[in-house]
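Novice: I'd like to go over a predicted model; first the sequence, then the structure.
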There are 4 protein chains.
Amino acid sequence: MEAFSDGVFAIAMTLLVLDLRDPAIGSGVSLPQGLLGEWPSFFALVTSFITVLIMWMNHHNMFNYIRRIDRRLMFFNGLLLLFVVLTPFTTGLVADHMLSDSAGAAAAIYSGTFLILSIVWNGLWRYSSSGHRLLGSDVTDQQATTITRQYYVAPLFYALALGVSFVSGLASVVIILLVAAFYGITATIGK
Amino acid sequence: MEAFSDGVFAIAMTLLVLDLRDPAIGSGVSLPQGLLGEWPSFFALVTSFITVLIMWMNHHNMFNYIRRIDRRLMFFNGLLLLFVVLTPFTTGLVADHMLSDSAGAAAAIYSGTFLILSIVWNGLWRYSSSGHRLLGSDVTDQQATTITRQYYVAPLFYALALGVSFVSGLASVVIILLVAAFYGITATIGK
Amino acid sequence: MEAFSDGVFAIAMTLLVLDLRDPAIGSGVSLPQGLLGEWPSFFALVTSFITVLIMWMNHHNMFNYIRRIDRRLMFFNGLLLLFVVLTPFTTGLVADHMLSDSAGAAAAIYSGTFLILSIVWNGLWRYSSSGHRLLGSDVTDQQATTITRQYYVAPLFYALALGVSFVSGLASVVIILLVAAFYGITATIGK
Amino acid sequence: MEAFSDGVFAIAMTLLVLDLRDPAIGSGVSLPQGLLGEWPSFFALVTSFITVLIMWMNHHNMFNYIRRIDRRLMFFNGLLLLFVVLTPFTTGLVADHMLSDSAGAAAAIYSGTFLILSIVWNGLWRYSSSGHRLLGSDVTDQQATTITRQYYVAPLFYALALGVSFVSGLASVVIILLVAAFYGITATIGK
């Protein structure tokens, strides 16, 4: 299951490149100018790339603790992958609309999708860890609690990003990038 | 062979996202309105995603029982993967036509493709299990029979979905989603 | 190296689906009619899918015999993967042009690409097997010779397909499908 | 982490094929003529394919020496993969603009992206190897120094390619191809 999930993460991350378009085709602008004008696409791509990369690392880390598997876990994990698969689409929406009137709406969809993803993630973890249901027997209560607390950060800040999107689409995406940075800095690393 | 099949399942599932399009480009509608109007795309994507995900899980489960491999098995498996690869295309047809006159035709193609896939699947299993041809020696007759019976469900209901498509495209897709739900609930889970 | 090659084979095979297009968009025809009119796309997809699938199987089989690796082998294998990667493009050309005046040209490019691929393949094998350079010590001369002979079939028939393309594009693609069938029937299968 | 990186390399390499377009659609030229006119696309594809392939080989080779992993290594590796993911986009820019006034600009972006990638690569290696921080205990100082020296070549020549792009886009891409050839010839090969 982990290898399969890895595949979906890697493919979704690589498909992000399909959101980039040659800006000088069918327009009068020069290539460098066109690319500069396309900065929202690059900004959204980098945000999504880092977010999915960090999620992949955390996913691996989580399955260092979860040692058993049951139908509900599969269900949670499938739902999680569904939202990972949607990332290139929501990223494309942000890229296309960042400079238009619908920047807020695009950012709301973008952050809202990550919000749901993070709630599913927390659901998966809470289900697996409550009463040590699916955890390895060597995992201590304290370790589990530390992780539970770490995972709370994402839905809180994605909810903030969703709220902020109604004021500024750009600020909303910046918050999402900061969430990835937070997890990048705090995540436990194991080989 | 399993790793290769896994790769095809994962890539086909992730390519489903390419069926989604930015609804506000070149049209007068707002982004939220446009996305709401695009609900058939999301509905078809979710149905296909869950169906292929469940197929992948069942595929793994099946190969817990099938321990040997021969040319015919490879042939069956290759045919099965061919229909898995077609999924993003048939899903796109359903998404594009759900709200048009050709909703029934699109749903017929969609459900018909899954029907053939499920017949190939049953053929693969019947070939492998009949006389315990390719099964592990520890697999009991009863286990094999239970699986045989479980696998009958898919072609029966995909045939129903095909029939229903001539009355209602939407109802046809709903049946396909229910088949995935059935297997999601009944499938044996092993790590 | 095998896992990496497997990935490229699997992705190329799955990307073939992007050659299929919704025939009823922007045209007056009905969906079933449109799909029937698109039969060259399906025919080309099936031919390429089976060809790449069989190549993948044979690639695995070949690396059961080749146990060592050197820079030249890597070079041959990289070149081989380059032509595998081109398959979705050449398949799309055949699909687009089968019913037009340029059917022959498209089939010539399609079969010519497979011809070069099969020459690279034979080069890889000849380099690895000559003097048992990279073969396992348990591989007999007779086994190596049998494989050498089997691999001759592909370039011969792809050259025939290339020649025939100047008369009939369709016949050329049929020959390529027959080559895949030949290898599907004769290939040694190991798990 | 290596399996995941492998996946990203393989997917990026295969997505390069999406840069190729049927030249005879919507234009008056014949298919062979159109393909000949599209030579920049093929040239750029081959250059990028070989470059990414060689990078993948070197990446594997590098992780034969790096045996431990920490957060900064993950960061460097993620950044490196981000630039790998951009390759199909920058390749497409070179392909689209090679024959236009903006050939130099496209080549500057193409070589500039590889330049940054190679700097990140050197950063990753310097960080891992300095003081033997993450290297295996059996790796000698001399081995590490040899690799350090080898890795210098890429940024130097990518910087040259960037400079040359202001004179000739084509010459710039040729230099990038030569860098790949250099590493293809000098890279140590291990299974």
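Specialist: Good, I have the coordinates.
Novice: CA atoms for contacts and neighbours, from now on please.
Specialist: Will do.
Novice: Please, where are all the helices along chain A?
Specialist: If DSSP state H is used as the criterion, the helices of chain A fall at A:2-15, A:31-37, A:39-65, A:71-97, A:103-129, A:141-165, A:169-186.
Novice: right, so of those helices, which gets closest to chain D?
Specialist: Each of those was scored for nearness to chain D using C-alpha to the nearest C-alpha, and the closest is helix A:2-15 (5.5 Å).
Novice: Check whether that closest one comes near chain C.
Specialist: No: in this structure, helix A:2-15 remains apart from chain C according to C-alpha under 8 Å from any C-alpha of the partner chain; the gap is never smaller than 9.7 Å.
Novice: Mind checking the pLDDT average for that helix?
Specialist: This predicted structure assigns helix A:2-15 an average pLDDT of 92.
Novice: Could you do stretch A:176-191 as well?
Specialist: For stretch A:176-191, mean pLDDT is 79.
Novice: what about residue A:88, how many neighbours?
Specialist: Counted with other C-alpha atoms under 10 Å in any protein chain shown, residues neighbouring residue A:88 total 25.
Novice: pretty sure it is touching residue B:17, no?
Specialist: Yes: between residue A:88 and residue B:17 there is a contact at 7.3 Å, judged by C-alpha atoms under 8 Å.
Novice: ok so, going back, among the helices of chain A, which comes closest to residue B:67?
Specialist: Closest approach to residue B:67 among the helices of chain A is made by helix A:2-15 (20.5 Å; C-alpha to C-alpha).
Novice: Helix A:39-65 and that closest one, what's the angle between them?
Specialist: Interaxial angle of helix A:2-15 relative to helix A:39-65 (axes from the mean of the first three to the mean of the last three C-alpha atoms, to 10 degrees): 170 degrees.
Novice: Return the list of helices and strands in contact with helix A:2-15.
Specialist: Helices and strands touching helix A:2-15, by 3 or more C-alpha pairs under 8 Å, 6 or more residues apart in numbering or on different chains; DSSP states H and E, are helix A:39-65, helix A:71-97, helix B:2-15, helix D:2-15.
Novice: Return the backbone torsion pair for the residue of chain A positioned farthest from its centre.
Specialist: Of all residues in chain A, the one whose C-alpha sits farthest from the chain's mean C-alpha position, using C-alpha atoms, centre = their mean, is residue A:28 at 35.5 Å. With angles defined as degrees, to the nearest 10, residue A:28 shows backbone torsions of phi -90, psi -10.
Novice: ok, it to chain B distance?
Specialist: When distances are taken as C-alpha to the nearest C-alpha, to the nearest Å, residue A:28 and chain B turn out to be 19 Å apart.
Novice: likewise residue A:75?
Specialist: When C-alpha to the nearest C-alpha is applied, the distance between residue A:75 and chain B equals 8 Å.
Novice: quick one on the thing from earlier: would you mind saying which of the helices of chain A lies nearest residue C:163?
Specialist: Among these, the nearest to residue C:163 by C-alpha to C-alpha is helix A:2-15 (38.1 Å).
Novice: Make sure residue A:154 is actually in contact with residue A:178.
Specialist: No: contact criterion C-alpha under 8 Å: residue A:154 and residue A:178 do not qualify, at 10.2 Å.
Novice: More neighbours: those two, which one.
Specialist: For residue A:154 versus residue A:178, the count of surrounding residues by other C-alpha under 10 Å is larger for residue A:154: 22 against 14.
Novice: which residues of chain A score low on pLDDT?
Specialist: Judged by pLDDT under 70, chain A has its weakly predicted residues at A:187-191.
Novice: got the residues of it near chain D?
Specialist: Remark: the part of chain A in contact with chain D comprises A:6-7, A:10-11, A:13-14, A:17-18, A:20-22, A:30-32, A:46, A:49-50, A:53, A:184-185, A:189-191, using C-alpha under 8 Å from any C-alpha.
Novice: I appreciate the help and will end here.
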